[in-house]
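Asker: got a predicted model here, sequence first, then my questions.
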Amino acid sequence: MTHTPLLELKGVTKSFGAVAALVDADLSLDAGSIHAVIGENGAGKSTLVKIIGGLYRRDNGEFLMEGTSVDFQNTHEAKAAGISVIYQEPTLFPDLSVAENLFVGRQPYTRLGFLDRARMRRETRELTLRLGVPIDPDREARGLSIADQQVVEIAKSISVGAKVIIMDEPTAALSGIEVERLMGIARQLRDEGKGIIFISHRFDEVFALCDVLTVMRDGSYVATNQTAEVTEDEIIRQMVGRSVENLFPKEVAEIGDAVLEVENLTSVGVFEDVSFTVRAGEIVCFAGLVGAGRSEIARAVFGVDGYDSGAVRLGGAKVPRKNPAAAMRLGMGFVPEDRRKQGLAMTAGVQTNITMAIRNRLARFGIITSTLEEPSARNWAARLHVKTNALDTEAQMLSGGNQQKVVLGKWLATEPSFLIVDEPTRGIDVGTKAEVHRLLSELAGNGVALLMISSELPEVLGMADRVLVVREGRITAEFSREAATPENVMYAATHAPEVAA
Amino acid sequence: MTTTLKLPPTETGRSMFGKIIRAREVSLIVLIIALVAVTTAIQPSFLFSDGGFRELLRQPTILILIALGQAIVIITRNIDLSVGSILCLCTYLSGWLFANVPGIPIPVVVVIGILLGAFLGLINGLLVAFLKVPSLVITLGTLYAYRGIAILWIGPHFIRSSWLPPEYREIGTMQFFGIPVLLMIVAIVVLLVAWFMTSRRAGRNLYALGSNPEAATLFGLSERRLTLNAFVTSGALAGLGGLVYLSIYATGDAKVGTGYELESVAAAVVGGVAIIGGSGTIWGVALGAFFLATISSALPVLGVPSLWQQSIVGIFIVGAIVLDRLMFLNRTRQAKRKGQSL
């Protein structure tokens, strides 16, 4: 007995420049099943989705829809072939009504040449009711909750007759009830014979919902398992199965007194009751999934965002709430996650960027000149090995790795006693990565307290003296360097703590 | 677990009424009536004189046309600052054709005038769509470039009414049942544009593009083509505006149309078009233009010093924007609450 899968990928590869995002990816989706694709951040899940959805074109490999080879040039062709992608943050038109969002580009006309709004309204009402989530067809899409936006997107894909529905981390921004609701919808669609690809980090959801689990790691296919025949431990092993020893040698530093003390920090709905300390010479890592609230905690500690209760102390002194300038004066630095948007003045030169946070100190009589900036900028650029011929090169012309070094240089120039680095090596090539790690390690050696946020498990395990796992806005586990293993960190990041509140 | 089914919150009578009251169109109509009433009370000849009523209805037509085009462009998250200059070139070309091509039929001139506008709009559109330069910069450039061409070409000359065939000048003064024919023509244009923008896919796509460009691209809508469409339409409407100008004033020099670029933006904004694109109705824009044009003719009659007139227009623009913002915030808050209760 042979059967043709609804959708099949074999040996698909995709590279961006020198970076291979997908190597040899396989996937086989049957109609009437829910297929989970899981893997760490950067495992290639999103690239895979984008290839299926027509946003990227594969470099190599086979891509079959119901047994016929396809090669989508754009999202339109993928859609026409019956593929529909629901993104984590749906892309609706906020000014248009819900009904119109469902029918954009294919609105029905009346015989008189007007839009058949009555029909659009009726069909929208029917579709959303069928999904169990009635949404007023006449309201504008602006202000819909993310869960409802997803429902609108799903309704849209049903109404265009999608056969394959891909949900790309749909539950990341949903509340518990909304997740239940979405899972109900997914099951309903499965029973109607659609093939669903479900991408999620949360094991409980994946195991509760999906029939088949495909694990990816480092851009390639690892294994496909029947949910009924596999345990969570096996999946975790498949996800992290690689050696992380000696990848990032953190040098041993003398660990001193507590520099940063955070007590019961709470921001309602974002994070709750977060307490931790970071000592001089210590690197503490926040591990966890994207969206767990790690960056939010860091932003609140530094004062970019406010918080509702709790306290932050640096070197014994209270850090005022929501006042980054005061935090900087006390010796805190913050290298943000998105260096392009938050860390660099892209059109300014390297020199200006490096001295940006210390301009007041360098300025003479309130005036800053290039001559005043230069020694400091030259010093830091050299120490960080920023590869640029001239200090006036615009930051946007630099590679990602060099940009990151400039941002680091900017904060190191302030000589902080405590530094937060958020995803310091995202989008950086391997060589530069090692250099950034060496730098961080050197900093710790000089007695700086470091809080690093990273979604890459090997990086966390290689760099951290202590690992704090953040899950849904809470610190749910703490491991010393010796105790931390890929398995137990991943387990803590994906599972609710045993002691339920 | 299944979610309990709740009927979608339907628009109750109360909120329907609220919607109507809040609609920009209604408040503009009220404002226009109030303005005319107050002005007439103080100076009866504003309305009750030979030309008063006609002037009241005829004079806003040019701004209405230009504002329509401007609104379409703004809805796509762009702006067209060159409309005044386009109007000037189209006005003069049409006058020049009447003078230099004896016996040229009026419809031919009308078509050529509109085509010139569309062509100049096409240049704007091509530059914006293909160079990906913000339209503010491009059309600021063509504002000067087109005006420069006009100055080079026209020099110190001006259109004389003797150039124009008498039938053409009559269009400007003709009335049916007391309503100027020009207003009827413009009303038909408003109807067509409104129908296109509210009831044709192509029009809805313009709103979609302005509402969320990334989503539009992801959706397979061609940003380039939509942008081109918007600018060509704006240029063509400015061309038609030039023809209307010619029929009303029967004259025109190299300075014609100066100031329309900003007045049309003002009309669109006062009419409820969000400057960030994606929303606003054609009815609102037409009324906004009518209102602004009426203010500028009413204020002198009311004895407001000309120095103050611009400030008053400015107050309405700022007022409209503040009102929009407040309503937007309020709506978003309500929508959120609604969303959560679901």
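Answerer: Sure thing, it's come through. Numbers count the residues shown, from 1 in each chain, chains lettered A, B, ... in the order given.
Asker: wasn't A:Gly333 part of a strand?
Answerer: Yes. Remark: A:Gly333 belongs to a strand, assigned using DSSP: H, G, I helix; E, B strand; the rest coil.
Asker: go ahead and confirm it touches A:Trp411.
Answerer: Yes. Look at A:Gly333 against A:Trp411 with Cβ atoms under 8 Å: they come within range, at 3.7 Å. Quick note: C-beta positions are derived from backbone N, CA and C, even for glycine.
Asker: ends of stretch A:126-140, how far apart?
Answerer: In stretch A:126-140, first residue to last residue: 18 Å (Cα to Cα, to the nearest Å).
Asker: now swap in stretch B:40-55 and tell me
Answerer: First-to-last distance for stretch B:40-55 - Cα to Cα - comes to 13 Å.
Asker: how about that stretch: buried residues?
Answerer: Residues B:40, B:43, B:46-47, B:52-55 are the ones in stretch B:40-55 that count as buried (16 or more other Cβ atoms under 10 Å in any protein chain shown).
Asker: okay if I get those residues as CSV plus pLDDT, secondary structure and distance to chain A?
Answerer: CSV is the format used below for those (pLDDT from 0 to 100; DSSP: H, G, I helix; E, B strand; the rest coil; distance: Cβ to the nearest Cβ, whole Å):
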residue, pLDDT, secondary structure, distance to chain A
B:Thr40, 91, helix, 38
B:Gln43, 87, coil, 42
B:Phe46, 85, helix, 38
B:Leu47, 84, coil, 36
B:Gly52, 82, helix, 38
B:Phe53, 84, helix, 34
B:Arg54, 85, helix, 33
B:Glu55, 85, helix, 35
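Asker: identify the farthest-apart pair in those.
Answerer: B:Gln43 and B:Arg54 (16.3 Å; Cβ to Cβ).
Asker: give the helix, strand or coil label for residue 152.
Answerer: Just so you know, I chose chain A. Under three-state DSSP, A:Val152 comes out as helix.
Asker: right idea, wrong chain: chain B
Answerer: B:Leu152, by the three-state scheme (three-state DSSP), is helix.
Asker: any idea how many residues pack against B:Ala129?
Answerer: 22 (other Cβ atoms under 10 Å in any protein chain shown).
Asker: what's it in contact with, if anything?
Answerer: B:223-225, B:227-228 (Cβ atoms under 8 Å, 6 or more residues apart in numbering or on different chains).
Asker: just give me the closest of those residues to A:Val37.
Answerer: Nearest to A:Val37 among these, with distances taken as Cβ to Cβ, is B:Glu223, at 31.1 Å.
Asker: count of residues packed around residue 288?
Answerer: Picking chain A for this. 29.
Asker: please refer instead to chain B.
Answerer: Neighbours of B:Gly288 using other Cβ under 10 Å come to 32.
Asker: would you say it is within a strand?
Answerer: No. Under three-state DSSP, B:Gly288 falls outside any strand and is assigned helix.
Asker: which residues touch it?
Answerer: B:24, B:28, B:67, B:266-272, B:320.
Asker: which strand or helix spans the residue nearest to A:Pro320 when sequence neighbours are not counted?
Answerer: Excluding the flanking residues, the one nearest A:Pro320 by Cβ to Cβ, 6 or more residues apart in numbering or on different chains is A:Ala326, at 4.8 Å. With elements taken from DSSP states H and E, the one containing A:Ala326 is helix A:324-329.
Asker: for the helix or strand harbouring B:Ile188, buried residues please.
Answerer: Take DSSP H and E as the rule and B:Ile188 turns out to sit in helix B:181-199. Residues of helix B:181-199 classed as buried: B:181-186, B:189-190, B:193-194, B:196-199 (neighbour count, 16+ other Cβ under 10 Å).
Asker: and of these, the nearest to A:Gly219?
Answerer: B:Met197 (46.2 Å).
Asker: wait, the closest one sits on B:Gly69?
Answerer: No. Counting by Cβ under 8 Å, B:Gly69 is not a contact partner of B:Met197; they are 11.6 Å apart.
Asker: tell me which stretches of the stretch 201-342 of chain B form helices.
Answerer: For the stretch 201-342 of chain B, the helices defined by DSSP state H, counting those that start in this stretch cover B:201-211, B:213-218, B:223-249, B:260-270, B:282-301, B:306-341.
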